[in-house]
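Enquirer: Here is my input, please return the structure:
(chains A and B, ligands or ions: 2)
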Amino acid sequence: MPPGAQWQENAGFMTKLLASLSPEFVQRYERDLYHCSSCNYCVDAVWPERGLNHVCATMQQHTRAPGYSGRGFIEAARAILDGVPLDGDALATRVFTCTTCGNCESACPIGLRPASIGQALRRELVNAGCVPEAVGAARADIVRDGNPYGTPRGARENWAEGLAPAPGAPTVTYFAGCAAVADAAEARAGHALLAQAGAAPSLGPAACCGAALAELGCAREADALAAAAAAALRAPAAPAVVAGCECRRHLAQAAGVESAGLPGWLWSAVQSGAVAVKIKDGLGRPLRVHLLESCQLKRTARGAPATDEDAALALFAALGIEACNAGYPSAYALCCGAAGGMPRIQPQAAARMARARLPAGDIAVTVDPRCAAHLRQAARGTACAVYGFAEFVQAHCTLTPRRSGAGAQPQ
Amino acid sequence: MSGADWVQALAGAVGGVALFDDPIDLLSYQRDCSVVPPGGAALAARPANAEEVAALVAAAARARQPVYVRGGGTMYAGGANPHAGGLVIDMAGMARVLELDLARGIVVVEPGIRFAELLEVLAPHGQTVGIVPLTGPAATVGGAVAAHALGTGSARHQSMGDCVAGLEAVLADGTRLRTGSAACHGAGFFQRYCIGPDLTGLFLGSDATFGVVTAVCLWLYPAPAARASFCLGLPDAAAAGRFLAAVQGCELTRNVWYAAGYEGAAVRARVTAAQPARTVAAWPGFCVAFDLGGAPGEIDADRARLAALAGEEGGDEFAAFDEAYFRKLRYDETYWYSFAGYFGRSRCAILMSSLPCDRLAVFCAAVEEQRKRWPAFVWGAASVVCRRGLHGGVLAFYDERHEWETMRQAIAGAADALVAAGCVPYKSGKLWAPQVRACTEYFQVLEAIKRGLDPQGLLSPGNLGLGA
Ligand code: SF4
Ligand code: SF4
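Expert: Ligands and ions are numbered 1, 2, ... in the order given. As a prediction, this is how the structure comes out:
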């Protein structure tokens, strides 16, 4: 390539990207880009008061190159607006190597939104047709199969095989999402938990809600899938929705469907007296678990009165189960790498993130089924037993409904 | 050597050091938090130890390329901005505690360690360090040493350099120098002033112009058993200046972990923003806020003595400011980052200067002048109380997309006005370069030292006005 050709190519790409940049991107984020003080909190701060220790899973487990950080996304987005010629492929590689955990956003002392800007850049790059190969492949798989795990569409709902339909009218719609493909045991445990608590669960639509595509920046396709799922979930007389992981956030944001997570649903039922929970007889006490918070659910609940982690903690406390990291927020640890498409885009880094997240031994419980599946893989051959919330409750507790229709009202 | 050639030659020479040359990654190495224009390096490196730093500096010297050093990047004088291009050494990969010796009362750290991380290591031992910048979650010890940081501890110790027992630096030719007692092979760090002149001081506030600091020895202090904040209102800045001089004169700062002075306008703005319904019968013209730490009985006694001294200048306790702002600034994590409130509205240009207490009123008047001269910007004056004298911060708020150029002119004018008012450049970086050069004899000696230590002028050219 003659000297300057790379620059010209970059300039050409940037001109195209700038021209196709959505007005919302500029409107929504321009203030952030020019207010960023380059303070680096979002890259590598140690901030015990906020439970932050080095902030970014990608920076800790994949590369130290700052273009991969929240601040890097802000710098790149500002450079785009300033007309600096950047290499599109290099930009896409960075923007798509992020767990979308949002820790950088929590770290910013002035409330700027580096993670959201990274996700918005994903959408702009998808619109401009500039995505890494692995992202293109993941997108194609999700569109074809309705899940990112390579399981054929026809087998997507195999996890529910043999589940007995609820007697009488359903009181809860259980939408296990594609996490059930990765972790059928947790999905089945969730269904069983609802039934044992006295709810009559029906299954949600057997289709992708688009959450996994939204993470990859494929906004239009993701929104269309959410709208279709919402139509089914909102059918006349449809009961309240209990869902897991990223689906809850996407369904709420893209289609206005409110839902509860399993821990929140169960704790609310326990508090209302509709369900009694106790530790199974014969299990040694005290039980001691590491409750691994999910960055996805935490972000969903930001500003909300309680998170599913709070609900799980409260339930464990009521049962005398010691959450041994409760006083030392597990937010202090970094994302396990299950989110943001990382297991598909950067599988090795995602596995390192998961290993770094696991406690040395004992029992780890996560309220996010997708994290549970990802962490369990990483825990193979270690002394750590990883449970999804529902599996843990199934294995260690007995549920007794106290009233008919118990737990029908999610929190 | 062309750009690509030297980068390749350097990469070959330094083996396994993490190097970044993609323009997207280099965007993050353009600037610090300051209003100073960004620079553009061709390469950034993240060494893991002092040997790698020495190899990088020597390789850059062979290629005749400038070398800039970056800590947390939280400073506001442009010292980390690579104006002459070349190489940026990012010290974030050197963040270990090398030695913690409670008997000697020292901790030796690599320069990239964040203050908050260091405090976590020291807390179980009931120890702390002398100065902790308010940007402690991201600010590094090396950056604080290179740029004369202040913050928590300034009232007890003055500034960062006063808490350094010695250091190690890599010189421009790759030599590793240890200062203080550690200069004597085998003795280790424990004492700063020994052998002869204080070479440690050469590197304090030198903005990486004389060498690259690769280890810092800090003295340890017992963490305070109890803390309490309180505020005093005084009639005006002149009275506050006299009061603070009296406080310093009788060493009443020994239990003061942080203290700051605020103009009346800032006091009114902060109290009414937090408590809109509040009306204070007699708003003070100036407020001095204290964060005291020590044995509970001691801090109660000091508080009474401080209030009595303020009374002699017509001052009194002013709890409204403590409730509305200062206590949050000191204890509430959301206010931990001191300028968060300001930055939340717009970018903030900060210009720090040193001044004696008797110049406080003149300093405030100089800021008032800037307010009149540049009415489009919001200006503020804040002063950090030191063991002796004050550091005065001029804060000016602006929209970086549309007003950056104008703000740079305004800040340059403010710098001249402050020097004319008897204030002295502090945290010089590139922001104060013209004023540093105007300190003629001082600057000539700086240049002579620079020629001796860095004859090619490759270390941080532009900082302190050297090699600009
Ligand atoms: S969202 Fe998480 S992984 Fe992505 S840049 Fe921010 S902190 Fe890093
Ligand atoms: S986004 Fe926030 S935390 Fe990150 S560099 Fe900018 S101001 Fe600092």
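
Enquirer: Can you give me the neighbour number for the nearest residue to B:Asp162 once chain neighbours are set aside?
Expert: Excluding the flanking residues, the one nearest B:Asp162 by C-beta to C-beta, 6 or more residues apart in numbering or on different chains is B:Gly130, at 6.8 Å. For glycine as for every other residue, the C-beta is placed from the backbone atoms N, C-alpha and C. By the criterion of other C-beta atoms under 10 Å in any protein chain shown, B:Gly130 has 20 neighbours.

Enquirer: Let me see the contact set for B:Gly130.
Expert: Listed by C-beta atoms under 8 Å, 6 or more residues apart in numbering or on different chains, the contact set of B:Gly130 reads B:Gly153, B:Arg156, B:His157, B:Met160, B:Asp162, B:Cys163, B:Leu218, B:Trp219, B:Tyr221.

Enquirer: go with 6 Å
Expert: Residues near B:Gly130 by C-beta atoms under 6 Å, 6 or more residues apart in numbering or on different chains: B:Gly153, B:His157, B:Cys163.

Enquirer: Find me the pLDDT at it, would you?
Expert: As predicted, B:Gly130 sits at a pLDDT of 95.

Enquirer: Likewise for A:Ser272?
Expert: Value listed for A:Ser272 in the pLDDT field: 94.

Enquirer: Tell me, how many residues neighbour it?
Expert: With other C-beta under 10 Å as criterion, A:Ser272 counts 14.

Enquirer: B:His185 now?
Expert: Count around B:His185 with other C-beta under 10 Å applied: 7.

Enquirer: what's the answer for A:Cys39, then?
Expert: What A:Cys39 shows, counting by other C-beta under 10 Å, is a neighbour count of 28.

Enquirer: The longest strand seen in chain B pairs with which strands?
Expert: Counting residues, the longest strand found in chain B (DSSP state E) is strand B:212-222. Take DSSP bridges as the rule and strand B:212-222 pairs in its sheet with strand B:106-109 (antiparallel), strand B:127-129 (antiparallel), strand B:164-170 (antiparallel).

Enquirer: Between those, which one is closest to ligand 1.
Expert: With C-beta to the nearest ligand atom as the criterion, ligand 1 lies closest to strand B:106-109 of the strands paired with strand B:212-222, at 25.4 Å.

Enquirer: got any ranges where the chain has weak pLDDT?
Expert: Looking at chain A here, since you left the chain open. Scanning chain A for pLDDT under 70 picks out A:1-3, A:285-286, A:296-306, A:325-332, A:403-411.

Enquirer: To clarify, I was referring to chain B.
Expert: Checking chain B against pLDDT under 70 turns up B:1-3, B:332-345, B:468.

Enquirer: Grab the most central residue of it for me.
Expert: Centroid-nearest residue in chain B: B:Ala149, 2.4 Å away (criterion: C-alpha atoms, centre = their mean).

Enquirer: Pull the contacting residues for that one.
Expert: B:Pro133, B:Met160.

Enquirer: just the one 3 residues further on next, same as before
Expert: By C-beta under 6 Å, 6+ apart, the contact set of B:Thr152 is B:Val132, B:Trp257, B:Tyr258.

Enquirer: go again using 7 Å as the cut-off
Expert: Residues counted as contacts of B:Thr152 (C-beta atoms under 7 Å, 6 or more residues apart in numbering or on different chains) are B:Ile131, B:Val132, B:Trp257, B:Tyr258.

Enquirer: Which members of the residues you listed occur in strands, if any?
Expert: Among the contacts of B:Thr152, the ones falling in strands (DSSP E) are B:Trp257, B:Tyr258.

Enquirer: Switch the contacts of B:Thr152 over to CSV; also include distance to A:Arg28 and neighbour count.
Expert: Converted to CSV, the contacts of B:Thr152 look like this (distance: C-beta to C-beta, whole Å; neighbours: other C-beta atoms under 10 Å in any protein chain shown):
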residue, distance to A:Arg28, neighbour count
B:Ile131, 39, 27
B:Val132, 36, 25
B:Trp257, 41, 24
B:Tyr258, 37, 26
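
Enquirer: which among the contacts of B:Thr152 gets closest to B:Arg388?
Expert: B:Ile131 (14.7 Å; C-beta to C-beta).

Enquirer: right, and the closest one touches B:Cys163 too?
Expert: Yes: with contacts counted by C-beta atoms under 7 Å, B:Ile131 reaches B:Cys163, the gap being 5.3 Å.

Enquirer: Overlap in contacts, the two.
Expert: With C-beta under 7 Å, 6+ apart, B:Ile131 and B:Cys163 have common neighbours B:His157.

Enquirer: on that earlier part again, deepest of the strands paired with strand B:212-222, which one?
Expert: Per-stretch averages of neighbours, counted by mean count of other C-beta atoms under 10 Å in any protein chain shown, single out strand B:164-170 among these, with a mean of 27.

Enquirer: next SSE after that strand?
Expert: Later in the chain than strand B:164-170, the nearest helix or strand by DSSP states H and E is strand B:176-178.

Enquirer: for that following strand, packing partners?
Expert: strand B:164-170 (3 or more C-beta pairs under 7 Å, 6 or more residues apart in numbering or on different chains; DSSP states H and E).

Enquirer: contact partners of the strand it packs on?
Expert: For strand B:164-170, contacts defined as C-beta under 7 Å, 6+ apart pick out B:50, B:53-54, B:57, B:106, B:145, B:176-182, B:189-192, B:200, B:203-204, B:211-219.

Enquirer: could you redo the last one with a cut-off of 6 Å?
Expert: Identification of contacts with strand B:164-170 by C-beta under 6 Å, 6+ apart yields B:53-54, B:57, B:106, B:176-180, B:182, B:189, B:192, B:200, B:203, B:211-217, B:219.

Enquirer: quick one: A:His290 from chain B, how far?
Expert: Separation of A:His290 from chain B (C-beta to the nearest C-beta, to the nearest Å) stands at 20 Å.

Enquirer: Buried residues of the helix or strand encompassing that residue, list them for me.
Expert: Using DSSP H and E, A:His290 sits in strand A:288-292. For strand A:288-292, a neighbour-count test (16 or more other C-beta atoms under 10 Å in any protein chain shown) marks A:Val289, A:His290, A:Leu291, A:Leu292 as buried.
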